[in-house]
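Participant: Need a 3D model of the sequence below.
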Amino acid sequence: ALEFASLVLRADRVVVLAAVLHEVGGAFDFASKTLQADPEIRMASHYDGVDFAPDELGVDPGFALAAVRHDGLALRFVSRTLRGDRGVVLAAVRRTGAALQFA
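Facilitator: Below is the predicted model:
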């Protein structure tokens, strides 16, 4: 119950990561804003994707690659530039063939 944790714990990456991995839902909402923008925390949370990510993460190649490796259909949410990136598209299609329609 990250909701009841101190602000210090809500900003602790290890604590927040454990909370989002083990909680059914809601822990992400109580993490610090900095950790809510962390790609690994976002991918571990039940938000699972770029459609909920701040705009700057939709253009981050590392985050986009992690997202499409997790769910190939996340390709539809990354920037137009990254939808044209061979490596990102290949990772998406390897995960989910239907992702090619978003390239």
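
Participant: what bits of the protein have low per-residue confidence?
Facilitator: Within the chain, the ranges that satisfy pLDDT under 70 run 24-25, 46-58.

Participant: starting at the chain centroid, how far to stretch 83-92?
Facilitator: Centroid separation for stretch 83-92 versus its chain: 17 Å, with CA atoms, centre = their mean, to the nearest Å.

Participant: and it, which residues are buried?
Facilitator: Residues R83, D85, V88, V89, A91, A92 are the ones in stretch 83-92 that count as buried (16 or more other CB atoms under 10 Å). Glycine gets a C-beta too; all of them are placed from N, C-alpha and C.

Participant: Now for those residues: which two are most distant?
Facilitator: R83 and A91 (12.0 Å; CB to CB).

Participant: pretty sure F30 is touching L2, no?
Facilitator: Yes: at 4.2 Å, F30 and L2 qualify as touching, with contact defined as CB atoms under 8 Å.

Participant: So for the two, which residues contact both of them?
Facilitator: Counting by CB atoms under 8 Å, 6 or more residues apart in numbering, the shared contacts of F30 and L2 are R10.

Participant: how many neighbours does V14 have?
Facilitator: As a burial measure, V14 scores 8 neighbours (other CB atoms under 10 Å).

Participant: what's the answer for V68, then?
Facilitator: Applying other CB under 10 Å, we find 31 residues neighbouring V68.

Participant: mind checking how far it is from D60?
Facilitator: Taking CB to CB, to the nearest Å as the measure, V68 falls 12 Å from D60.

Participant: now do A5
Facilitator: Counting by CB to CB, the separation of A5 from D60 is 28 Å.

Participant: burial of the nearest residue to V59 once chain neighbours are set aside, as a residue count?
Facilitator: In this structure, V59 finds its nearest non-sequential neighbour in S79, 4.3 Å apart by CB to CB, 6 or more residues apart in numbering. Summarising burial for S79: neighbours were counted as other CB under 10 Å, giving 18.
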